[in-house]
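Participant: give me the fold of what follows.
(chains A and B)
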Amino acid sequence: MATPPLIVVVGPTASGKTALAIDLAKRFGGEIICADSRTVYKGMDIGTAKPSAADRAAVPHWGLDLVEPGERFTAADFQRYATAKIAEIRERGNVPFLVGGTGLYVDGVVFAYQFGPEADATARALLESMSLEELINYCVDSNINVPENKNNKRYVIRAIEQKTVNEKRSSEPIHGAIIVGIATERNELRTRIESRSEQLFQDGMVEEATMLGKKYDWDSEAMTGNIYRLVHEYLLGKITLEEVKRKFAVRDWQLAKRQLTWLRRNPHIRWLDREQAAAFLSERLENWHES
RNA sequence: GCAGGGUUAGUGAAGUGGUCAAACACAACAGACUGUAAAUCUGUCGGCAUACGCCUUCGAAAGUUCGAAUCUUUCACCCUGCA
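Facilitator: Prediction:
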């Protein structure tokens, strides 16, 4: 039998990627790798809509609960992890599914990004202490290309660390990848996001965030995920619970739009609605089984 | 009924005679983004125009003025104090 394909399912938050992938993985012997920058954190379950215990029992899931909130986990870490997992899953004769909304994580794997050198902690601290203007001047003096958004301090710092703006990647998806985007009608997506906002709180969002806040630092990158920072404000008494829910739906919508902007640049995505995507991938997987 | 305060662009909110299509914030829309990416950053944001610019706005109407979101009068609605 030929090497199993890599099924890549992308789309904005709340588009139904996970449900689709679980369904297909059950039927075709798949294992799911979550390409999600928040579900890698332990304890962040409700706020990140992490797959349930039942889902995980039904289909093997990877990429969840890899680190504690506050620990460092990067796109390069994910790339290493996911690439290894894809190989392992294939060795077992199963079908790897790469599913997620973190575009950088997906593309890092799919387009085999060659990441630049890792940041040196002391050098990074020094760079962060500098003003944006100083950083730009440094770039000019050192002949380093400034990123398009030169007001984006993070990017300028990274350019300095890499001594350039890094764009090393493959122009084609890695071999065997089938990339499907879940196309969702705008109003429908909005409705889904709003009802999910309500659901999270019924499921114990505040309790989860309170617990995490006690255990970890509110300021850590993990905890800046749009829901946790809002619950933090609520716990501080700055906003009401109703405002949290409303603002979360807004933040989630903004996230979805940013995700779509990222995905739009990728010409290799086959955009299909949930049903079409299920049918299309089923057919591909059946053909693969027969080959 | 009397006295006082208010009514500004999708929302909140500055502005109290010219430099006001009107600060700022939020939302919205578009975009960038290779080791923090649910992050971070950029542009647009009354209408028309690629643009010079033109047009219509600051509760309504009528005035004062060379000139009004800003001053006057009346009306409408809202809030507060006295009745």
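
Participant: for the closest residue to A:A183 other than its chain neighbours, helix, strand, or coil?
Facilitator: Spatial nearest neighbour of A:A183, excluding adjacent residues (CB to CB, 6 or more residues apart in numbering): A:W271 at 4.4 Å. Heads up, the C-betas are built off the backbone N, CA and C, glycines and all. A:W271 falls in the strand class when you classify it by DSSP: H, G, I helix; E, B strand; the rest coil.

Participant: quick check: the residue nearest to the spatial centre of chain A vs A:V206, distance?
Facilitator: Centroid-nearest residue in chain A, with CA atoms, centre = their mean: A:T102, separated by 2.3 Å. The gap separating A:T102 from A:V206 is 25 Å, by CB to CB, to the nearest Å.

Participant: domains of chain A?
Facilitator: Domain segmentation of chain A under automatic domain parsing yields A:6-114+A:177-290, A:121-162.

Participant: list the contacts for A:V109?
Facilitator: When contacts are counted by CB atoms under 8 Å, 6 or more residues apart in numbering, A:V109 touches A:35, A:78-79, A:82-83, A:86, A:98, A:174.

Participant: next, it: secondary structure please.
Facilitator: Secondary structure assignment for A:V109 (three-state DSSP): helix.

Participant: quick check, pLDDT for it.
Facilitator: At A:V109, the pLDDT value in this model is 98.

Participant: low-confidence ranges, the stretch 101-250 of chain A, go.
Facilitator: Residue ranges of the stretch 101-250 of chain A with pLDDT under 70: none are present.

Participant: ok, which stretches of chain A are strands?
Facilitator: A:6-10, A:30-34, A:61-62, A:95-99, A:177-182, A:270-272 (DSSP state E).

Participant: among those strands, which is nearest A:D107?
Facilitator: Nearest to A:D107, of all these, is strand A:6-10, at 9.4 Å by CB to CB.
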